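Visitor: Can you look at this prediction? I've put the sequence above it.
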Protein chains: 2
Amino acid sequence: MADKEVIKILTENNLKVTPQRVAVLEVIMGLENHPSAENIVDYIRLNFPHVPFGTVYKILDAFIEKEIIQRVKTENGIIRYDSVKKPHHHLYCEDSERIEDFYDEDLNKLLENYFKKKKIPNFTIKDYKLQIVGKFKV
Amino acid sequence: MADKEVIKILTENNLKVTPQRVAVLEVIMGLENHPSAENIVDYIRLNFPHVPFGTVYKILDAFIEKEIIQRVKTENGIIRYDSVKKPHHHLYCEDSERIEDFYDEDLNKLLENYFKKKKIPNFTIKDYKLQIVGKFKV
DNA sequence: CCCCATTAGAGAATGATTCTCTTTTGATAT
DNA sequence: ATATCAAAAGAGAATCATTCTCTAATGGGG
Ligand SMILES: [Mn+2]
Ligand SMILES: [Mn+2]
Ligand SMILES: [Zn+2]
Ligand SMILES: [Zn+2]
């Protein structure tokens, strides 16, 4: 089972391993979709038909607290989630809610070098992401 | 009165000039804050104590439709608004809701050149913004 | 000044998220 | 293995930003 990695992440972060947490983290890591809470609940209910939204939200908050996952910025008031992996950017569909990862090592290098040289006055950078809006052709 | 520019924008976009619309657009263009609907209502009520939220939301939607303003991406489920001006990026405070504009012509050029050369497969770029998360020192 | 489409106003409805309280559970120590 | 207890899940209400529906007002062309 692919639970292995998930369980490892939970224990490393001093989070009790529970079936619900394993399920939530599996969903987020499995989907490349940046799922909403509703998406996550839909998936989990395939196995746990009665998981309440409140439980999922609490689990998500715990993961965010530990920085196992992050929230994805959106502009429609619905929160989306992303497992933390190697640095990447996001492609946003103009006319749907589709959001996909965009990995580009050259771009990462470019930005890293840029901000190494050029400091922003009165601001300490922790992280940055490019949000690219447009249309998917597929 | 600084209404002049606001009225010009409204008429250019075939939007009837009403006091409420003038007020909303003045607030968004005046504040560098990327205000939420609530922020906007708070300001407008200084002059129009009874403007309903529904009216403000409808005005905001009309402006977005005409691309006079844009929504700002956030990760807490509260929508923020930004008047459309020359291309810029955003600085997000890690521990508060502060969001500020970041103008950097060199960065704009850098990204423009990068994407001129490197196309993203199966995706047509319409716009992009760098979201920079960190701490303000002031 | 009239007319009418457009806009504002009022207020209910929706729906995502949070909160509060109770019950269950998982890990640890006996 | 069993008892213990803090942590987590479950249940359901509450919150609150946003949307919707309906009615009244209004601005701008004729
Ligand atoms: Mn669903
Ligand atoms: Mn307020
Ligand atoms: Zn991502
Ligand atoms: Zn801005």
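Guide: Sure thing, it's come through. Ligands and ions are numbered 1, 2, ... in the order given.

Visitor: contacting residues for A:L10?
Guide: For A:L10, the contacting residues are A:K16, A:V17, A:R21, A:V22, A:L25, by Cβ atoms under 8 Å, 6 or more residues apart in numbering or on different chains. The way it works is simple: take the backbone N, C-alpha and C, and place the C-beta from them, glycine included.

Visitor: Now name the helix or strand holding it.
Guide: Element membership for A:L10, per DSSP states H and E: helix A:3-12.

Visitor: re the thing from before, can the contacts of A:L10 go into TSV with extra columns for neighbour count and secondary structure?
Guide: Shown next, in TSV, are the contacts of A:L10 (neighbours: other Cβ atoms under 10 Å in any protein chain shown; DSSP: H, G, I helix; E, B strand; the rest coil):
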residue	neighbour count	secondary structure
A:K16	8	coil
A:V17	13	coil
A:R21	22	helix
A:V22	17	helix
A:L25	24	helix
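
Visitor: Looking at the residues you listed, which is nearest A:D61?
Guide: Closest approach to A:D61 among these (Cβ to Cβ): A:R21, at 11.8 Å.

Visitor: Go ahead and confirm the closest one touches A:I59.
Guide: Yes - between A:R21 and A:I59 a contact is recorded at 5.4 Å, counting by Cβ atoms under 8 Å.

Visitor: quick one on the thing from earlier: restricting to C-alpha, output the helix holding A:L10 in PDB.
Guide: Listed next in PDB are the C-alpha coordinates belonging to helix A:3-12 (Å, rounded to 0.1, in the frame of the first residue of the first chain):
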ATOM      1  CA  ASP A   3       0.000   4.500   2.800                       C
ATOM      2  CA  LYS A   4       3.700   3.900   3.700                       C
ATOM      3  CA  GLU A   5       4.800   7.400   2.800                       C
ATOM      4  CA  VAL A   6       1.700   9.000   4.200                       C
ATOM      5  CA  ILE A   7       2.200   7.300   7.600                       C
ATOM      6  CA  LYS A   8       5.800   8.300   7.600                       C
ATOM      7  CA  ILE A   9       4.900  12.000   7.100                       C
ATOM      8  CA  LEU A  10       2.300  11.900   9.800                       C
ATOM      9  CA  THR A  11       4.600  10.300  12.400                       C
ATOM     10  CA  GLU A  12       7.500  12.600  11.500                       C
END
